[in-house]
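Visitor: Show me the folded form of this:
(one chain, ligands or ions: 2)
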Amino acid sequence: MDACDIRARVEELIGFLIGAVRTGNVYGRDHNLTKDAIDKLYSSLRAALSDREEITIGIIGDEVAFEKMPFYEISKNMGKFILQLKTMKIEKISFLQNCEKRELAVFINALAGSIKHHGKDSGIEKALEAGTVKNILVGTIGFGKEPEEPASEINARAQTNASFQEGIDFLKQTLDDISNNRPVNIRAARFVINKIVGSLLKNMHSLLMLISLKKHDEYTFVHSLNVAIFTLVQAEALGLPEGLLTDIGIAALLHDIGKLSVEADIIKKSGKLNQEEIEKMHLHPIAGAEILLETPDVPLVAAVSTFEHHMKYDMQGYPARLYGDKLNLASMMIAIADAYDAMRTKRSYHEAFAAEKVYEEMIKSSGKNFHPDLLDIFFKRIGIYPPGTLVELDDNAVGLVVKANIVDTKRPQVEMLYNSKGEEEKETYIINLLEKDETTKEYKRAIVKSIPISDKHNIPAKYKTE
Ligand SMILES: [Fe+2]
Ligand SMILES: [Fe+2]
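Guide: Ligands and ions are numbered 1, 2, ... in the order given. Got it, this is the predicted structure:
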């Protein structure tokens, strides 16, 4: 389906959506006309979702929009409806692939009911939760804040970047929810993770590249998101079914949620923690599991792996093991992702380790801290020098790793940026380090070491993210 087709389908969908809400509002939920209107809306939604994972319609200013492109024509006749949505603090509505007709009916009736009461105390989120609606999300974060850009320019990379940003927004919201004693919004977590899984299945390398190249100062949020991505890389490599990937992704995203109940001074402290502080810090897996056990709809695996994510493969770690002799698979994957992200990032108490150093250190702990097979799978997938790493080759030329090669973790594909004299390549080109010389049968080139990216390096604009 091309961009025009999908816009036409979404336009039709919006028409049916308004029709169904109006009918529900006038005739009530049990009337045949309301049921008919929901039927029509449902078939229109199925058509729009035929080749995509989700449809999100949003409000930009006074216009209703899809993928940040407003529908000026239909918006003209929707003024009242848009206003009603805004009163209910709804700026975007997302329909996910698995949305059932039953969920649509709960949603339409909640919307119609709320409009009847002029959006006061709309309680729409509650109504959706009570009706166990998992595949429709309403929210305020998103469209309003982002700059508008034409749909045609939203390529895979931009979509990957957008899912990452939504992940950060979700985590910020979660922090706010917990500090205000509101439950964690698991439906929103599911939504974020489904998008990340989508990006991962379509374009893992650009997702990994994003992790390496993204500049950030919000360590805690970015760390949780990176851990989710590095965990999903392993889960995907194991061939786990998509539904399970989502649950494991949610688990990874929330693994450090217990840190919210550790004193902020300890979390923010630069330099080493004293014994008392360490003991308090070590309570975060227990606190996290407690929060998750109290949160509705949390996959059990999230509570279990949050509890276990600092336990080690050889039974060491914390909290002290009181049961069983095996960790949950998700816990072991999260432990690898967690350690990897912590080492590759600059922290107040250590510099960022070079990619090869992280690899070396983690391999040393294989079978002790980490499950050996999982660790092996992880590095096969991302390589010793993951996408986004700047590397120096044996002829002094410098390039950016763009893709891992599963057959040899130290021989990825590299986009060449500087030649052996240190001059910038006018036209960058990609080489595959698996390539051999035909006569000597030796590899043509090899990586000598990774180098930290600095301001003096000119990274191609297409890889840059803000
Ligand atoms: Fe942790
Ligand atoms: Fe962590």
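Visitor: What separation is there between residue 31 and residue 81?
Guide: Residue 31 is 20 Å from residue 81, where distance means CB to CB, to the nearest Å. Backbone N, C-alpha and C define where each C-beta goes, glycine included.
Visitor: ok, the two, which is more surrounded?
Guide: residue 81 (19 against 13; other CB atoms under 10 Å).
Visitor: Give me the nearest residue to the more buried one, chain neighbours excluded.
Guide: Distance criterion CB to CB, 6 or more residues apart in numbering; nearest residue to residue 81, sequence neighbours excluded, is residue 18 at 5.5 Å.
Visitor: Next up, identify which helix or strand the one you found is on.
Guide: helix 3-27 (DSSP states H and E).
Visitor: Quick one: residues contacting residue 220.
Guide: For residue 220, the contacting residues are 171, 256, 259, 267, by CB atoms under 8 Å, 6 or more residues apart in numbering.
Visitor: Residue 75 is in contact with the residue nearest to residue 81, correct?
Guide: No. Using CB atoms under 8 Å, residue 18 is not in contact with residue 75, being 11.2 Å away.
Visitor: interface residues of the stretch 151-300 of the chain facing ligand 2?
Guide: Proximity of the stretch 151-300 of the chain to ligand 2, by CB under 5 Å from the ion, involves residues residue 256.
Visitor: can you map out the helices along the stretch 151-300 of the chain?
Guide: 156-179, 186-213, 219-237, 242-253, 264-268, 275-281, 284-294, 300-308 (DSSP state H, counting those that start in this stretch).
Visitor: and the first one, average pLDDT?
Guide: For helix 156-179, the per-residue pLDDT values average out at 84.
Visitor: any low-confidence regions in the stretch 151-300 of the chain?
Guide: 151-155, 215-217 (pLDDT under 70).
Visitor: And the residue of it closest to ligand 2?
Guide: The minimum distance from the stretch 151-300 of the chain to ligand 2, using CB to the ion, falls at residue 256 (4.3 Å).
Visitor: who's in contact with that residue?
Guide: 220, 223-224, 227, 284, 288.
Visitor: Show me which residues of the helix holding residue 18 are buried.
Guide: Buried positions in helix 3-27, judged by neighbour count with 16 or more other CB atoms under 10 Å: 6-7, 9-25.
Visitor: same deal with stretch 99-109?
Guide: Quick answer for stretch 99-109 (16+ other CB under 10 Å): 99, 103-109.
Visitor: Between these, which sits nearest ligand 2?
Guide: residue 99 (32.7 Å).
Visitor: so what pLDDT did the closest residue to the closest one other than its chain neighbours get?
Guide: In space, residue 99 comes closest to residue 135 once its chain neighbours are excluded; the distance is 3.9 Å by CB to CB, 6+ apart. The per-residue pLDDT reported for residue 135 equals 84.
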